[in-house]
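Participant: give me a model of this one.
(2 chains)
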There are 2 protein chains.
Amino acid sequence: MDEFGLINKIQQLENVNHSSTKVGIGDDAAVFTPTIGKDIVTCVDTLTEGVHFTRETMKPSDIGYKALAVNISDIAAMGAIPVYYLVTIAVPKEWTDDEILDIYEGMQQLARNENVQLIGGDSVTSQKGLYLSVTVIGEVDSGKARLRSHAEVGDVVFVTGDLGGSAAGLHQLLEGENVEEHWKAAHQKPAMHTALAYEIARLPWRIALNDISDGLASESWELAESSHVQIELLEEKIPLSAGLVERFGQQKAIEMALTGGEDFQLLGTVARDNWQPLQTIAKEIGERVTKIGTVIHKGEGVFMTSQDQTTLLSRDGYKHG
Amino acid sequence: MDEFGLINKIQQLENVNHSSTKVGIGDDAAVFTPTIGKDIVTCVDTLTEGVHFTRETMKPSDIGYKALAVNISDIAAMGAIPVYYLVTIAVPKEWTDDEILDIYEGMQQLARNENVQLIGGDSVTSQKGLYLSVTVIGEVDSGKARLRSHAEVGDVVFVTGDLGGSAAGLHQLLEGENVEEHWKAAHQKPAMHTALAYEIARLPWRIALNDISDGLASESWELAESSHVQIELLEEKIPLSAGLVERFGQQKAIEMALTGGEDFQLLGTVARDNWQPLQTIAKEIGERVTKIGTVIHKGEGVFMTSQDQTTLLSRDGYKHG
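Facilitator: Numbers count the residues shown, from 1 in each chain, chains lettered A, B, ... in the order given. Got it, this is the predicted structure:
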């Protein structure tokens, strides 16, 4: 199939159609009317064969799903709603047309769930390995984007859901073990937190948000550095994926949460007085938020307290004892 | 250099800074405030090593320049102004950090010329071949985007500048010939037509526009199909790059204009009464527009008339005699 034939097939997949879209796929560029009073939020992220997935660990539709998911997660981490997306795919000759269409169908499945419209893209040939780069464009009430730099001393530090599941799923897939379904799902089809992001965007409070793509340690450091604060995490409070401690032991389980990427949970901070209301709001939409620590001082740093012992936590999850 | 180190270096390059930008590089996503009364225009296009360039035909800064240029050209072809861009780069191990920085510097040079701000991106490793994918976001007065579907019967068909220069430059580079400077420039650093696009965007007239990335024949077909019209091109009127006929002969020169991609001139149609004023406007900003044909009928098709003989012109430039 040539590029033209592929584009035709992709255009036949069911697509969201926003009334704000004036030109979708098919001209030099897409055109849409932004909503008055909203800011535009945009990001791009890429999955590459051999680095982020292999043909053994992910099937084509899951690769598509995840390439869009990692970007929707970034948009949600700004407290914004994803609206449009564009795709660049570089395809090596070993991949069949049907596999490529499955990748797009995987993206479109998630896009339909999240009400995101495909409005453009590009496909090229790759000499080796498949590349899938997705740009997502979203909207947030003007001035309401939830930045990493919003944390203040005294804030509660929280995470959504639980951690370590994606790393456990990847481990089992690579080792050829029987894979626990909830870990496989965490790795291949991570859940999105756009509903919570939407609720958070509507709140009048100051909230800092970040999504956990590179592990809790690294993302906590990003929050701490951007906000110029010191964060203390409580090891015993970190919500670990069900069965993680039983299967891997306490130490390895915590390590997976601290350094295992791709959980795509949200990490945030909120003023102490707003913590209880936030829990209630999250519960109402079926999300769980867990307090895992506190913003303790001005400065820059991340500390971890375990059984009354506090140590500096490095970006790569190492505890300096 | 790791990704973090590279991002640091890239951030030190001089960047445009729009007052509408609330968050640039460095959070989960970029945030900007769209201008009230404007539509957003966006596209993505990718250059790949071995397909769109080789290390012999393009130096790193030119690769960067061109990857941004092909997208700015698409934005201009909508009558829109480019404002922001995001970059995905996949780098194989043969490329040095300095070469990668040169690619970014090439992009930033053009971005500064065109007042476009780098607001995000992603860098990954490539198993083989370099990939450079750029998303550009621009603005146009609401409802004023210049679409391919705007052509009507009786319109003058025009192009900016001249054609075939990029194909000639590529030919000479590949053959190892002494390369004419203006052909080399046409291939490696094609001129942008954003100033004309800006003027066109302000006009109250109906205008169809397309950019010539895949040759005049293919782009004329796109206009004809989108507008449901038949177009007649006059072979003798097609503006060929200086020296093209002398070097390659009439037949090959026309073929280069019809099928040689990457000239990045604009192809458009405008009502007959507005043709003279458009020429004047173009001249005032140092652009040349040439009438190369007419929209002759409803339907779909592209015809070429040469020495009183009219033949159907196929998408790939073949004249059905």
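
Participant: send me stretch A:67-74 as PDB with only the CA atoms.
Facilitator: Extracted C-alpha coordinates of stretch A:67-74, given in PDB (Å, rounded to 0.1, in the frame of the first residue of the first chain):
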ATOM      1  CA  ALA A  67       1.700   6.300  21.900                       C
ATOM      2  CA  LEU A  68      -1.500   8.400  22.300                       C
ATOM      3  CA  ALA A  69      -1.900   7.600  26.000                       C
ATOM      4  CA  VAL A  70       1.600   8.900  27.000                       C
ATOM      5  CA  ASN A  71       0.600  12.300  25.400                       C
ATOM      6  CA  ILE A  72      -2.900  12.400  26.800                       C
ATOM      7  CA  SER A  73      -1.300  11.800  30.200                       C
ATOM      8  CA  ASP A  74       1.000  14.800  29.700                       C
END
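
Participant: can you list contacts of it?
Facilitator: Stretch A:67-74 has contacts (Cβ atoms under 8 Å, 6 or more residues apart in numbering or on different chains) with A:43-47, A:82, A:85, A:87, A:103, A:107, A:110-111, A:114, A:116, A:132-136, A:189-190, A:192-194, A:211, A:213, A:262, A:264, B:28-29. In this view, the C-beta of every residue, glycine as well, is placed from N, C-alpha and C.

Participant: my guess is residue A:16 contacts residue A:110, does it?
Facilitator: No: taking contacts as Cβ atoms under 8 Å, residue A:16 lies outside contact range of residue A:110: 10.8 Å.

Participant: which residues do these two both contact?
Facilitator: With Cβ under 8 Å, 6+ apart, residue A:16 and residue A:110 have common neighbours residue A:116.

Participant: you'd agree residue A:78 is in a helix?
Facilitator: No: in this structure, residue A:78 is coil, not part of a helix, as judged by DSSP: H, G, I helix; E, B strand; the rest coil.

Participant: look up how far residue B:112 lies from it.
Facilitator: Separation of residue A:78 from residue B:112 (Cβ to Cβ, to the nearest Å): 27 Å.

Participant: the two: which is more packed in?
Facilitator: Each of residue A:78 and residue B:112 has its neighbours counted (other Cβ atoms under 10 Å in any protein chain shown); residue A:78 has more, 30 against 14.

Participant: that one and residue B:273, how far apart?
Facilitator: In terms of Cβ to Cβ, residue A:78 sits 49 Å off from residue B:273.

Participant: kindly report the same for residue A:91.
Facilitator: 47 Å.

Participant: okay, these two: which has more neighbours?
Facilitator: Between residue A:91 and residue B:273, residue A:91 has the larger neighbour count (other Cβ under 10 Å), namely 21 against 10.

Participant: show the contacting residues for that one.
Facilitator: Contacts for residue A:91 (Cβ under 8 Å, 6+ apart) come out as A:100, A:123, A:124, A:125, A:126, A:130.

Participant: for residue A:290, grab the count of nearby residues.
Facilitator: Neighbour number of residue A:290 under other Cβ under 10 Å is 17.

Participant: doesn't it lie inside a helix?
Facilitator: No: judged by three-state DSSP, residue A:290 forms no part of a helix; its state is strand.

Participant: and it, bridged to which residues?
Facilitator: Counting by DSSP bridges, residue A:290 is bridged to residue A:159.

Participant: quick check: closest non-adjacent residue to the residue in the stretch 201-321 of chain A that chain B sits nearest to.
Facilitator: Residue nearest to chain B within the stretch 201-321 of chain A (Cβ to the nearest Cβ): residue A:211, separated by 5.8 Å. For residue A:211, ignoring the flanking residues on the chain, the nearest one in space by Cβ to Cβ, 6 or more residues apart in numbering or on different chains is residue A:77 at 3.7 Å.

Participant: need the pLDDT of the one you found.
Facilitator: Residue A:77 carries a pLDDT score of 93 in this model.

Participant: what are the ranges of the helices in chain A?
Facilitator: Counting by DSSP state H, the segments of chain A that form helices are A:3-12, A:60-76, A:97-114, A:165-175, A:181-188, A:194-202, A:216-227, A:244-248, A:250-259, A:272-284.

Participant: the ones you listed: which one's closest to residue A:158?
Facilitator: With Cβ to Cβ as the criterion, residue A:158 lies closest to helix A:272-284 of the helices of chain A, at 7.4 Å.

Participant: quick one: list the elements packing against the closest one.
Facilitator: Secondary-structure packing of helix A:272-284 (3 or more Cβ pairs under 8 Å, 6 or more residues apart in numbering or on different chains; DSSP states H and E): strand A:156-160, helix A:194-202, strand A:289-298.

Participant: highest mean neighbour count out of those?
Facilitator: By mean neighbour count, with neighbours taken as mean count of other Cβ atoms under 10 Å in any protein chain shown, strand A:156-160 ranks first of those at a mean of 25.

Participant: and stretch A:94-114, C-alpha only, in CSV?
Facilitator: Provided in CSV are the C-alpha atoms of stretch A:94-114 (Å, rounded to 0.1, in the frame of the first residue of the first chain):
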residue,chain,number,x,y,z
GLU,A,94,8.9,-5.9,8.1
TRP,A,95,5.6,-4.3,9.2
THR,A,96,2.5,-5.2,7.2
ASP,A,97,-0.2,-2.7,6.2
ASP,A,98,-2.6,-4.5,8.5
GLU,A,99,-0.3,-4.1,11.4
ILE,A,100,0.0,-0.4,10.7
LEU,A,101,-3.8,-0.1,10.5
ASP,A,102,-4.0,-1.9,13.8
ILE,A,103,-1.7,0.7,15.3
TYR,A,104,-4.0,3.5,14.1
GLU,A,105,-7.1,1.6,15.3
GLY,A,106,-5.5,1.3,18.7
MET,A,107,-5.0,5.1,18.7
GLN,A,108,-8.5,5.7,17.5
GLN,A,109,-10.0,3.5,20.2
LEU,A,110,-8.4,5.5,22.9
ALA,A,111,-9.2,8.7,21.0
ARG,A,112,-12.9,7.9,20.8
ASN,A,113,-12.9,7.1,24.6
GLU,A,114,-11.2,10.4,25.3
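
Participant: if anything else comes up later, I'll come back, but that's it for now.
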